[in-house]
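[1] Show me how the following folds:
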Amino acid sequence: MKFTFALFVLFLCGYNAQAQITVPSTDRQIKGAVLAAPVDQRAAATVLGYNQKGELVTLRKGSNELVCLADDPSQEGFSVSCYHRDLEPFMARGRELRKAGKSTKEIFDTREKEAKSGTLKMPKQPTSLFVYAAMDEDVDKATGEVKNGYLRYVVYIPYATAESTGLPLKPDEGSVAMPWLMHPGTHGAHIMISPPREKKEGGK
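    Modelled structure (predicted):
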């Protein structure tokens, strides 16, 4: 399952054994990618996805503030995301470093240093990220339809702290849906909002 933390979900992983990977059509990638976006913003969102060589490319140029990232066919499970266009330098740098083989810590430390020096541009206002994920068995391989997906929300506020936001620094045990602040005081400070997952039929 590709339920990773929002800070890292958008990193582009390098491709291995490309000949064994089937890349969905452009239309199917776009249809899947925008599932992470609010319904009224889907039609005008820019969509990034993959060509037949496994390279990340722009599948559709949009006209609103959202950028959506299609599911990576080289990875297990299904995970797509949409984020404010002002986050693109941050996200693109993460993908670049991940592709270069950097660890999660190395990526975080590098972007922290670059953000503080001004070489990595971070949004000056709060910006949103939406992540939609599902298990492999919940994706129809023929049509691309997804069921039992899980949507979570993130709001990036660089350098925010518990004191500046009034938010806790970990999920509240009594309310899993309560917003909390991750990576406080850093370039990657963001509010996590993870609604309870709906149970499948049979209670599983």
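[2] next SSE after the lengthiest helix in the chain?
    Longest helix in the chain by number of residues (criterion: DSSP state H): helix 104-117. Downstream of helix 104-117, the first helix or strand assigned by DSSP states H and E is strand 127-134.
[3] quick check, distance from that following strand to the centre of its chain.
    Centroid separation between strand 127-134 and its chain, computed with CA atoms, centre = their mean, to the nearest Å, is 5 Å.
[4] Paired strands for it, with orientation please.
    Its sheet considered, strand 127-134 pairs with strand 78-84 (antiparallel), strand 150-156 (antiparallel) by DSSP bridges.
[5] Can I get those in CSV including mean pLDDT?
    Output for those, formatted as CSV (pLDDT from 0 to 100):
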stretch, mean pLDDT
strand 78-84, 97
strand 150-156, 96
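[6] would you list the ones you listed in a markdown table and tack on mean neighbour count?
    For glycine as for every other residue, the C-beta is placed from the backbone atoms N, C-alpha and C. Converted to a markdown table, the strands paired with strand 127-134 look like this (neighbours: other CB atoms under 10 Å):
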| stretch | mean neighbour count |
| --- | --- |
| strand 78-84 | 24 |
| strand 150-156 | 19 |
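[7] In the protein, what residue spans correspond to strands?
    46-50, 56-60, 66-69, 78-84, 127-134, 150-156, 180-182, 190-193 (DSSP state E).
[8] Sheet partners, orientation included, of the second one?
    Here strand 56-60 is paired, per DSSP bridges, with strand 46-50 (antiparallel).
[9] same deal with the shortest one?
    Partner strands for strand 180-182, per DSSP bridges, with pairing direction: strand 190-193 (antiparallel).
[10] Going by neighbour count, which residues in the partner strand are buried?
    In terms of neighbour count (16 or more other CB atoms under 10 Å), strand 190-193 has its buried residues at 190-192.
[11] so where's this protein shaky on pLDDT?
    1-20, 176, 198-204 (pLDDT under 70).
[12] make it 80
    Counting by pLDDT under 80, the chain has low-confidence residues at 1-21, 141-142, 172-177, 197-204.
[13] OK, contacts around the nearest residue to residue 147 once chain neighbours are set aside?
    Of all residues not flanking residue 147 in the chain, residue 138 sits nearest, at 5.1 Å (CB to CB, 6 or more residues apart in numbering). By CB atoms under 8 Å, 6 or more residues apart in numbering, residue 138 lies in contact with 78, 146-149.
[14] Distance check, residue 138 against residue 149.
    Per CB to CB, to the nearest Å, residue 138 is found 7 Å from residue 149.
[15] cool, and residue 119?
    Separation of residue 119 from residue 149 (CB to CB) stands at 36 Å.
[16] In terms of neighbours, single out the busier of those two.
    Set side by side, residue 119 and residue 149 show more neighbours around residue 149, with 19 against 11, by other CB atoms under 10 Å.
[17] so what's the nearest residue to that one once chain neighbours are set aside bridging to?
    Leaving aside its sequence neighbours, residue 149 sits nearest to residue 134 (CB to CB, 6+ apart; 4.2 Å). Listed beta-bridge partners, residue 134: residue 78 (assigned using DSSP bridges).
[18] correct me, but residue 194 touches residue 172?
    No. Here residue 194 does not reach residue 172: they are 11.1 Å apart, not a contact under CB atoms under 8 Å.
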